[in-house]
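Novice: Fold the following.
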Amino acid sequence: RGQNNVQGLADMGVQPHQGAGYLDVTNDEVNKKYNEFYGVDVPKEIGYKIPEMFDAAIAGKLKAIWIIGEDIVQTDPNTQKVIKAMESTDLVILQELFMTETAKYADVILPGASFLEKNGTFTNGERRVQAVRQVVKPAEGSKPDGQIIVEIMNKMGYPQPDYTPDGMLEEISQIVPFFAGIRWDRLGKNGLQWPVAEDGTDTQILHKTEFKRGKGYFEFNAWEETMELQSHAKEFPYILTTNRELEHYNCGTMTRRTANEEILSDDYLMINPEDAKENEIVEGDYVCLESPRGKVDVKTRITDEVKKGILSTTFHFPDIMINNLTGDIHDSEAMCPEYKVVAVRIRKSKGKFKKQLT
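Specialist: Model (predicted):
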């Protein structure tokens with residue numbers, strides 16, 4: 001779980017094939033439970049994963065998208081395809097803290113509140129539901145995400161009370177079995193680890209003598225070279241892998257607005273000394289990095305931290321937009337993008353980037 005509430009999102013049914021509590025949305029009994037609890041007919045169809053949303057938008061099958069707290073134009077792979085998807089969508093709603101690259105393509109921007117400005121929970125990889133408590137009031141004109149969603153629900157004719165963390169957890173406890181005993185006033189300083197019994201007893205160790213869902217199933221799949229390299233390695237012989245630096249988080253929407261920007265002010269390309277020598281590149285040179293999708297110019301850092309044939313860089317800064325290079329290869333199940341293998345070639349930069357060195 002690489003980010004602070006990935007587990008919590010999964011618990012609440014962010015996957016298109018599952019509802020809250022990992023319940024199968026196509027199951028008749030589950031659907032009946034949702035319908036009775038919410039008093040409306042809940043759809044049984046499996047929705048789109050993010051890459052499928054982009055394909056559907058470009059094909060004219062997705063008419064509206066509501067994005068909460070994610071700068072997909074800068075952080076998702078194949079930037080130009082993402083932009084095309086945004087431009088192909090009739091209504092793009094963005095809920096954000098700051099203006100971002102994605103905000104440039106939004107029809108409506110809803111100003112949200114940061115984690116310091118609202119009450120709620122984060123759930124980490126050890127199933128620990130932790131309270132996040134407001135310490136400052138939201139900036140004028142902004143609201144907590146939960147309150148924004150509630151107000152839209154009210155405007156669309158589904159009456160809801162104002163968002164509160166205790167009210168939200170009360171609702172969740174009635175629909176998600178392993179949240180049965182989670183209450184806001186029980187979370188304390190260290191939270192509770194689900195499953196939580198109705199009396200508030202949590203589960204610190206889940207699997208003691210057996211696996212709760214039974215033994216798993218192993219299926220062998222022989223290794224196959226990624227299609228990215230099968231299709232492009234001959235023309236684009238280097239492998240680019242993207243990473244993150246300590247000073248910045250993802251697209252840097254928040255961290256680039258702090259003093260961290262004084263420590264790290266741009267993306268740079270890590271290149272092995274042998275590759276640098278073969279391409280007549282010296283420390284600090286700007287190079288043109290090109291893939292089948294596009295090209296960017298980025299400053300080099302020569303280092304043995306990467307192997308020969310491997311290049312590595314971050315995607316923290318929008319003036320470079322590294323994800324113009326990344327592609328459409330995804331894993332077969334979650335459709336997680338293949339940020340770690342991108343076929344590229346390099347050469348010294350020309351024009352304005354060459355002039356920056358003199």
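
Novice: CA only for contacts and neighbour counts going forward, please
Specialist: OK.

Novice: Give me the buried stretch members for the helix or strand hosting I239, please.
Specialist: Element membership of I239 [criterion: DSSP states H and E] is strand 238-242. By neighbour count with 16 or more other Cα atoms under 10 Å, strand 238-242 contains the buried residues Y238, I239, L240, T241, T242.

Novice: how near is G8 to V150?
Specialist: Computed as Cα to Cα, to the nearest Å, the G8 to V150 distance reads 19 Å.

Novice: if you count what's nearby, which of those two comes out ahead?
Specialist: A count of neighbours by other Cα atoms under 10 Å puts G8 above the other of G8 and V150, at 21 against 17.

Novice: Report the secondary structure state of that one.
Specialist: State at G8, reduced to three classes by DSSP: H, G, I helix; E, B strand; the rest coil: helix.

Novice: isn't it right next to F122, touching?
Specialist: Yes. In this structure G8 lies within contact range of F122 using Cα atoms under 8 Å: 6.2 Å.

Novice: What segments of the stretch 151-300 of the chain are strands?
Specialist: Chain-ordered strands for the stretch 151-300 of the chain, with DSSP state E, counting those that start in this stretch as the definition, fall at 192-193, 238-242, 268-271, 286-290, 295-302.

Novice: Format these as a markdown table; extra columns: distance to G181 and mean pLDDT.
Specialist: Listed next are the strands of the stretch 151-300 of the chain as a markdown table, based on distance: least, Cα to Cα, whole Å; pLDDT from 0 to 100:
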| stretch | distance to G181 | mean pLDDT |
| --- | --- | --- |
| strand 192-193 | 9 | 98 |
| strand 238-242 | 41 | 95 |
| strand 268-271 | 48 | 94 |
| strand 286-290 | 53 | 96 |
| strand 295-302 | 52 | 95 |
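
Novice: Distance to V30 for the ones you listed - can I get that in CSV?
Specialist: Output for the strands of the stretch 151-300 of the chain, formatted as CSV (distance: least, Cα to Cα, whole Å):
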stretch, distance to V30
strand 192-193, 24
strand 238-242, 40
strand 268-271, 49
strand 286-290, 48
strand 295-302, 48
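
Novice: out of those strands, nearest to K104?
Specialist: strand 295-302 (20.3 Å; Cα to Cα).

Novice: who does that closest one pair up with?
Specialist: strand 268-271 (parallel), strand 286-290 (antiparallel) (DSSP bridges).

Novice: out of those strands, deepest packed?
Specialist: Greatest average neighbour count among those goes to strand 268-271 (a mean of 23), per mean count of other Cα atoms under 10 Å.

Novice: who touches that strand?
Specialist: 298-306, 308, 310-314 (Cα atoms under 8 Å, 6 or more residues apart in numbering).

Novice: Show me this structure divided up by domain.
Specialist: With automatic domain parsing as the criterion, the domains of the chain are listed as 6-193, 227-355.

Novice: Output the ones you listed in JSON lines; the columns should cover distance to N221.
Specialist: Output for the domains of the chain, formatted as JSON lines (distance: least, Cα to Cα, whole Å):
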{"stretch": "domain 6-193", "distance to N221": "23"}
{"stretch": "domain 227-355", "distance to N221": "12"}
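
Novice: These: lowest mean pLDDT?
Specialist: The weakest mean pLDDT among the domains of the chain belongs to domain 227-355, with a mean of 90.

Novice: How far away from the center of its chain is that one?
Specialist: Chain-centre distance of domain 227-355: 19 Å, with Cα atoms, centre = their mean, to the nearest Å.

Novice: one step back: overlap in contacts of G8 and F122?
Specialist: Shared contacts of G8 and F122 (Cα under 8 Å, 6+ apart): V129.

Novice: need the helices for the stretch 251-358 of the chain, in chain order.
Specialist: 260-263, 273-278, 351-355 (DSSP state H, counting those that start in this stretch).

Novice: what residues does the first one touch?
Specialist: When contacts are taken as Cα under 8 Å, 6+ apart, the neighbours of helix 260-263 outside the stretch itself are E247, H248, T255.

Novice: Of those residues, keep whichever come out buried.
Specialist: If we count by 16+ other Cα under 10 Å, the contacts of helix 260-263 have these buried: E247, H248.

Novice: Mind putting the contacts of helix 260-263 into TSV with distance to G13?
Specialist: Below are the contacts of helix 260-263 laid out as TSV (distance: Cα to Cα, whole Å):
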residue	distance to G13
E247	31
H248	29
T255	29
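
Novice: What is the nearest of the contacts of helix 260-263 to D76?
Specialist: Within the contacts of helix 260-263, the smallest distance to D76 is 16.5 Å, found for H248 (Cα to Cα).

Novice: residues contacting the closest residue to the closest one other than its chain neighbours?
Specialist: With sequence-adjacent residues excluded and distances taken as Cα to Cα, 6 or more residues apart in numbering, H248 is closest to T255, at 5.4 Å. By Cα under 8 Å, 6+ apart, the contact list for T255 reads E247, H248, Y249, E261.
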